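have a look at this prediction, sequence included:
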Amino acid sequence: MIAVAIVGILGVLFGIGLAYASKRFEVHVDPRVGSILGALPSSNCGACGFASCEDFASALANDTSLISNCKVCDEESWLKICDTLGIEAGKRKRELALVACSLCSIDKFEYEGVKSCAAAALIGGGFKACNYACLGFGDCVKACPFGAIEKRGYQFFVDFKKCIGCGACGDACPRGLIKIVDKDAAVFVRCNSLDPGKIVAKICETGCIACKLCEKACEQQAIRMENNLAIIDYERCNKCGACIEACKFGTIVSILPSKAAVAGAQVAEQT
């Protein structure tokens, strides 16, 4: 009887202790987190900057400025999350990744190493005569969590519908060739070389030679030369296409999604 009483008393004490601990160390969960998580795609792609959709939902409930970090959810889900957070939806920014290279650079030697851009870039600065050229082994294709980049030979094509502009492909490119632009953008500079025009002209048929013809043709002053490369200010660009007509080497090309389903290193093929 004494043993039973002792066990009973200990049970009561432990129960009281556990009840106290559960209240004392209770983690309060924002009820909005569940609603936000339900609207997210559950892809856990990491494009938002968090390890999982659940982590992102928790962070978003505490900081609504992160609302644009998820680029995967559809419009309906986006509006639901905004409603849950009690914020105005506003205009949602949609982005696209494009390869700033025409792959027209000549080779300076034959490469027979590991078929990886990262590996090839370590050998003599890469086998392309242009030190800024795409090396063509598709590290970007492997890095894309959405299968939005397709490699055909040494050419790369980005699917407008699949690409969300997460930047994973850009992080994988050792040359920094992949640029993130607004999906509403009309034109794109298909070159990333900072070499003087005389050098570019000798090694690439479609590289930017900093001739400034596009800059002069743009009435909106949306193009400027910076380090021998044409830079487009998309805030000023009115999509007139004057820069495309002025560019004698086909370096500036159209990327309007209404004219094509895909875009990439050979963007001109789709216009």
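Yep, that arrived.

going by C-alpha atoms from here, please, whenever you check contacts or count neighbours.
Noted.

element containing Cys82, please.
Element membership for Cys82, per DSSP states H and E: helix 75-85.

now Glu245
For Glu245, the host element (DSSP H and E) is helix 242-246.

can you pull out the helices in this protein?
In order along the chain, the chain carries the following helices (DSSP state H): 2-24, 31-39, 53-62, 75-85, 117-120, 139-143, 168-172, 197-203, 213-217, 242-246.

buried residues in the second one?
Across helix 31-39, burial judged by 16 or more other CA atoms under 10 Å covers 32-33, 36-39.

same deal with the third one?
Within helix 53-62, the residues that count as buried by 16+ other CA under 10 Å are 53-61.

packing partners of that helix?
Helices and strands touching helix 53-62, as assessed by 3 or more CA pairs under 8 Å, 6 or more residues apart in numbering; DSSP states H and E, comprise helix 31-39.

roughly how far is the helix it packs on from the heart of the chain?
In terms of CA atoms, centre = their mean, to the nearest Å, the centre of helix 31-39 is found 25 Å from the chain centre.

just the angle for that helix relative to helix 75-85, thanks.
Direction vectors for helix 31-39 and helix 75-85, defined by axes from the mean of the first three to the mean of the last three CA atoms, to 10 degrees, enclose an angle of 180 degrees.

change the start of the numbering to 53 and stick with it
OK, 53 is where the count begins now, so the last one is helix 83-91.

quick one: helix 83-91 to helix 105-114, angle?
Angle between the axes of helix 83-91 and helix 105-114 is 130 degrees (criterion: the same axes, to 10 degrees).

which residues are contacting helix 83-91?
By CA atoms under 8 Å, 6 or more residues apart in numbering, the residues outside helix 83-91 that reach it are 105-106, 109-110, 113, 125, 129-130, 132-133, 136-137.

can you list those in JSON lines and add distance to Tyr206 and pLDDT?
Formatted as JSON lines, the entries for the contacts of helix 83-91 read as follows, by distance: CA to CA, whole Å; pLDDT from 0 to 100:
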{"residue": "Cys105", "distance to Tyr206": "35", "pLDDT": "88"}
{"residue": "Glu106", "distance to Tyr206": "38", "pLDDT": "87"}
{"residue": "Ala109", "distance to Tyr206": "39", "pLDDT": "87"}
{"residue": "Ser110", "distance to Tyr206": "42", "pLDDT": "87"}
{"residue": "Ala113", "distance to Tyr206": "44", "pLDDT": "85"}
{"residue": "Cys125", "distance to Tyr206": "32", "pLDDT": "79"}
{"residue": "Ser129", "distance to Tyr206": "37", "pLDDT": "84"}
{"residue": "Trp130", "distance to Tyr206": "37", "pLDDT": "81"}
{"residue": "Lys132", "distance to Tyr206": "42", "pLDDT": "87"}
{"residue": "Ile133", "distance to Tyr206": "41", "pLDDT": "87"}
{"residue": "Thr136", "distance to Tyr206": "46", "pLDDT": "88"}
{"residue": "Leu137", "distance to Tyr206": "45", "pLDDT": "86"}
